Structure formats: C-alpha cells, structure tokens
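Q: Build me a model:
(one chain, ligands or ions: 1)
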Amino acid sequence: MIEGILFDMDGVVVDNLPYHVDAWLLFCEKKGIPLTRETFYKELNGMNSKDTFEWFFKRQMTREEVHPLEEEKEEIYREFYAPFRKPLEGLVEFLKEIRSSGIKVALATSAGQGNIDFTIDGIGLRDQFDVIVGGAEVTKGKPDPEIYLLAAQKLGVNPANCWVIEDSLQGIKSGQSAGCKVVGITTSHTKEELAHTQIQAPNFVGLFEKIQNHN
Ligand SMILES: O=P(O)(O)OC[C@H]1O[C@@H](O)[C@H](O)[C@@H](O)[C@@H]1O
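A: Numbers count the residues shown, from 1 in each chain. Below is the predicted model of the structure:
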C-alpha cells in the first residue's frame, strides 16, 4: 500500500542543479573558497545552506551568521535559473495520477522559503502538495532522516508506506534512514551511482506504474 509520496525539490521537481552549482562556484570564487563541481555533487548536493557553509568554513555557524551569505548565493542562483523554470518531464501527469489514487503528497526540501516560493509558484504547482516542509523547519538537515519523518508525520502517514523521490546522495540517505522506499531520479547522478535505490528513473514519465508494480 502506498500512503504518501514525499518529493525532494531541487533536481526532482525541477532540473535546476546545474544553476545551483554555477551559483555556488561563482559565490565561492568571489569569497576565495575552493570548490569544484565534482566536490559539490559528491559532498554537498541536497544539503541545506547552513550545513554547506559550515562545511566550507569547517566550524559551526549560527542561522544569523549564515543568513546574509545564503541570500547572496540564492540571489545569484535565482537570477541564473529564473528564465528556465519548468517542471521535470511527466511531473504534472504523475501528480494527477497519484492524487486521484488518494495518495498524500508532500514536498520535503532543504531549500529556504525564498527558493521554495520561487520554484513552486514559478511552476504553478503549489496546490498539488498537501504539505510543504522546508530546510528551516528541521534541526538536522539531509542526510539526517528528520525532514522526511516530519513530512510523513504532517501527512499523517507511516514512513514505511511512503516513497521518497530524490536525486542527491544526501537526500537518498535521508529517505532511506526514515524507512521509506526511494526512487532515484538521475538528474544529478548516473543510474549506477543510484543503484542503492529501489527504482532509478530519468524523470516522471511512466513512474507511477513502476512504483505500483514494485509493491
Ligand atoms: O534537494 P533539495 O532538498 O531540494 O535541496 C535544496 C538544496 O540543494 C543543494 O544542492 C543546494 O546547494 C542548496 O542551495 C539547496 O537549497
């Protein structure tokens, strides 16, 4: 039985990761922080901004300290990505199918409120999510399971009866540790790199059937 589907946002609802990475690389170059594209995908993809800055500066930071830095990076990101916002292929149809089957739907993203509004309103899909949980609502970000456990709790469903849809290694770990089954969307990593998920798919086309057949 599938009770809920818990969506990651960046790299899943939208294929926006290259724009995030370009923004991080430009931001880091300005600040003299060493960062490569490879390191980002391996270590940082899916982490919230606070954890990312703590990783860069190798020390704990307060939300107040992180806020202006995060805003600076997100302004660059939003300028880069704004003209290209669109749902990942097959998403609109997939949402229709799961909602009409009575499955509850949540968004569980490490992103801050500004980026959630920018993305979800930008593609006009806010009313498709019963619950939206953002990075600021949890004390421990992905790869910790807290965000997916909270999303399932808010939907009133058992995490063991939920599918998480993720693209990042940190996010997959988070969903698996929450006890959910995971679909690995191959926007950020290859099928082979996501072989530890139940299903790997490039997008949402035909995905509902694959999930149903898996149960
Ligand atoms: O994949 P999610 O949970 O939607 O994560 C969003 C985060 O993904 C990271 O890859 C970005 O560096 C962050 O800036 C962003 O907030």
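Q: switch to C-alpha atoms for all contacts and neighbour counts from now on
A: Noted.
Q: Where does pLDDT dip in the chain?
A: 215 (pLDDT under 70).
Q: which parts of it sit against the ligand?
A: Counting by C-alpha under 6 Å from any ligand atom, the residues of the chain lying close to the ligand are 8-10, 20, 45-49, 109-111.
Q: how about the strands of this protein, start to end?
A: With strands called from DSSP state E, the chain shows them at 4-7, 104-108, 131-133, 162-166, 181-185, 199-201.
Q: now, which of the residues of the chain next to the ligand lie within helices?
A: The members of the residues of the chain next to the ligand that map onto helices under DSSP state H are 20, 49.
Q: List just the nearest of the residues of the chain next to the ligand to residue 76.
A: If you rank the residues of the chain next to the ligand by distance to residue 76 using C-alpha to C-alpha, residue 20 comes first, at 8.7 Å.
Q: Just to check, the closest one is in contact with residue 77?
A: Yes. With contacts defined as C-alpha atoms under 8 Å, residue 20 counts as touching residue 77 at a distance of 5.6 Å.
Q: on that earlier part again, could the strands of the chain go into a markdown table alongside mean neighbour count?
A: Formatted as a markdown table, the strands of the chain follow (neighbours: other C-alpha atoms under 10 Å):
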| stretch | mean neighbour count |
| --- | --- |
| strand 4-7 | 26 |
| strand 104-108 | 24 |
| strand 131-133 | 19 |
| strand 162-166 | 28 |
| strand 181-185 | 26 |
| strand 199-201 | 20 |
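Q: Mind putting those into a markdown table with distance to residue 61?
A: Output for the strands of the chain, formatted as a markdown table (distance: least, C-alpha to C-alpha, whole Å):
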| stretch | distance to residue 61 |
| --- | --- |
| strand 4-7 | 28 |
| strand 104-108 | 23 |
| strand 131-133 | 22 |
| strand 162-166 | 27 |
| strand 181-185 | 31 |
| strand 199-201 | 36 |
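Q: In this protein, where's the longest helix?
A: Every helix in the chain considered (DSSP H), the longest is helix 63-81.
Q: buried residues in that helix?
A: Judged by neighbour count using 16 or more other C-alpha atoms under 10 Å, the buried positions of helix 63-81 are 66, 70, 73-74, 76-78, 80-81.
Q: Where do the domain boundaries of this protein fall?
A: 4-15+86-214, 17-83 (automatic domain parsing).
Q: Deepest-packed of the ones you listed, please.
A: Of all those, domain 4-15+86-214 has the most neighbours on average by mean count of other C-alpha atoms under 10 Å, namely a mean of 20.
Q: Ends of that domain, what's the gap?
A: Using C-alpha to C-alpha, to the nearest Å, one end of domain 4-15+86-214 lies 15 Å from the other.
Q: centre of the chain versus it, how much separation?
A: 7 Å (C-alpha atoms, centre = their mean, to the nearest Å).
Q: what about the helices in this structure?
A: Listed in chain order (using DSSP H), the helices of the chain are 17-31, 37-39, 49-57, 63-81, 91-100, 113-120, 146-155, 169-177, 207-214.
Q: I am finished for the moment; much appreciated.
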